[in-house]
Structure formats: structure tokens, C-alpha cells
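Engineer: Provided below for reference: sequence and predicted model.
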Amino acid sequence: MPFVYSLVPTVATFLTTSGSANTELPNMAIRQAVRNVDIAALFVCGRGNALTSITGIAFRLRRWTTAGSGGTAITPQPRRIGTTASTTAVSSESAITAGTVSGAYQLAFGCGAAGPGGWVARDADSMINIEGGSSDEIDVNSICSATSMNLELSGEIVE
């Protein structure tokens with residue numbers, strides 16, 4: 001039976017989109033070196049005060065085959081009491097240096113500037129996998145035509 005973990009940034013302030021319009025910014029990096037990990041769900045919410053859904057935030061997941069570095073560490077929290085600690089390294093926005101090599105897009109979804117959005121894998125084959133022992137990294141990047149938009153980002157992984 002796989003272990004399920006929540007990914008919730010612990011930063012006191014909101015995450016943001018880039019300060020430059022239409023520029024991708026990594027808001028979360030998921031790195032695994034020990035055992036396989038699957039990204040099962042991602043949840044987002046724009047935190048724009050009094051903004052309309054016309055101003056949307058898009059999210060793009062990119063796979064890098066050489067892991068980057070940086071960011072504020074997130075400790076994946078087990079959903080079941082007594083579950084072993086996660087071996088996945090996760091970090092949120094704060095000087096994330098994206099990985100290198102490839103950068104293949106794995107998924108895109110969005111939300112309104114003041115509303116919710118997200119993605120949930122429809123089955124195990126739809127989950128985004130990082131193979132244990134690889135140096136792969138999946139970055140969740142935000143992009144928006146407006147600049148420095150506040151957002152919340154959380155997720156669920158399976159090991």
C-alpha cells in the first residue's frame with residue numbers, strides 16, 4: 001500500500017507569480033532520489049483582492065532531468081498517523097533554481113486571480129512520476145499576464 005503525503009508551503013506570506021509579465025516562475029520544486037514518487041493532485045487559489053476571473057494564473061509543470069536547488073523546504077506530511085517519513089524533497093518559492101536538461105512540459109492548468117483551480121490525476125496511470133534514484137525534478141511554475149499576483153499552492157504525493 002502506498003504512502004500519501006500532503007505538500008503545504010509553510011511560508012507566512014503568499015506565493016507570487018513573476019514580477020515580469022508572461023514569465024514562468026517556479027513556485028514549487030519536487031525532487032526525489034530514493035524511491036518512486038507520484039504527484040497525485042495539485043490545488044491552487046488566486047489571492048487577488050477584488051480581481052475578476054478574467055485575470056487568470058496558469059500553472060505549468062516541467063520535468064528536468066538534472067535537479068536544481070534552492071527554495072524554502074516543505075516537509076511532506078503523512079495523511080495517516082504512523083506512516084514512515086517521506087523521502088521526497090520539496091521546496092516552495094524563494095530562490096528556486098530550476099533544474100536543467102529537457103524542461104518537457106507535463107501538465108498545464110489554471111485558476112482565476114481571485115478563485116480556485118487545480119488538477120487531480122484521474123487514475124494511477126495519470127499521475128506524474130519521478131523515478132527513485134533519478135536526478136529528475138518536477139517544477140510547478142506559475143505564469144500570468146499580470147505581475148506579482150498572490151497565490152496559494154498545495155498538493156498531494158504518493159510514495
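Structural biologist: Perfect, thanks for sending it.
Engineer: okay but residue 95 is in contact with residue 29, surely?
Structural biologist: No - at 10.8 Å, residue 95 does not count as touching residue 29 under the criterion of Cβ atoms under 8 Å. (Glycine included, C-beta is placed from N, CA and C.)
Engineer: So which of the two has more stuff around it?
Structural biologist: Between residue 95 and residue 29, counted using other Cβ atoms under 10 Å, the more crowded position is residue 29 (26 against 10).
Engineer: Quickly find the element holding that one.
Structural biologist: Per DSSP states H and E, residue 29 falls inside strand 25-32.
Engineer: what packs against the longest strand seen in the chain?
Structural biologist: The strand that spans the most residues within the chain, counting by DSSP state E, is strand 100-112. Helices and strands touching strand 100-112, by 3 or more Cβ pairs under 8 Å, 6 or more residues apart in numbering; DSSP states H and E, are strand 37-46, strand 56-66, strand 116-120.
Engineer: Nearest spatial neighbour of residue 55, chain-adjacent residues omitted?
Structural biologist: residue 113 (4.0 Å; Cβ to Cβ, 6 or more residues apart in numbering).
Engineer: and that neighbour, how many neighbours?
Structural biologist: 22.
Engineer: What pLDDT does the model give it?
Structural biologist: According to the prediction, residue 113 has pLDDT 88.
Engineer: Confirm for me that it is in contact with residue 49.
Structural biologist: No - taking contacts as Cβ under 8 Å, residue 113 lies outside contact range of residue 49: 9.4 Å.
Engineer: follow-up on the earlier one: how far out from the middle of the chain is the strand holding residue 29?
Structural biologist: Mean-position distance between strand 25-32 and its chain equals 6 Å (Cα atoms, centre = their mean, to the nearest Å).
Engineer: Could you do stretch 112-120 as well?
Structural biologist: 13 Å.
Engineer: which residues sit in contact with residue 153?
Structural biologist: Residues near residue 153 by Cβ atoms under 8 Å, 6 or more residues apart in numbering: 9, 15, 27-28, 42-44, 59, 92, 140, 142.
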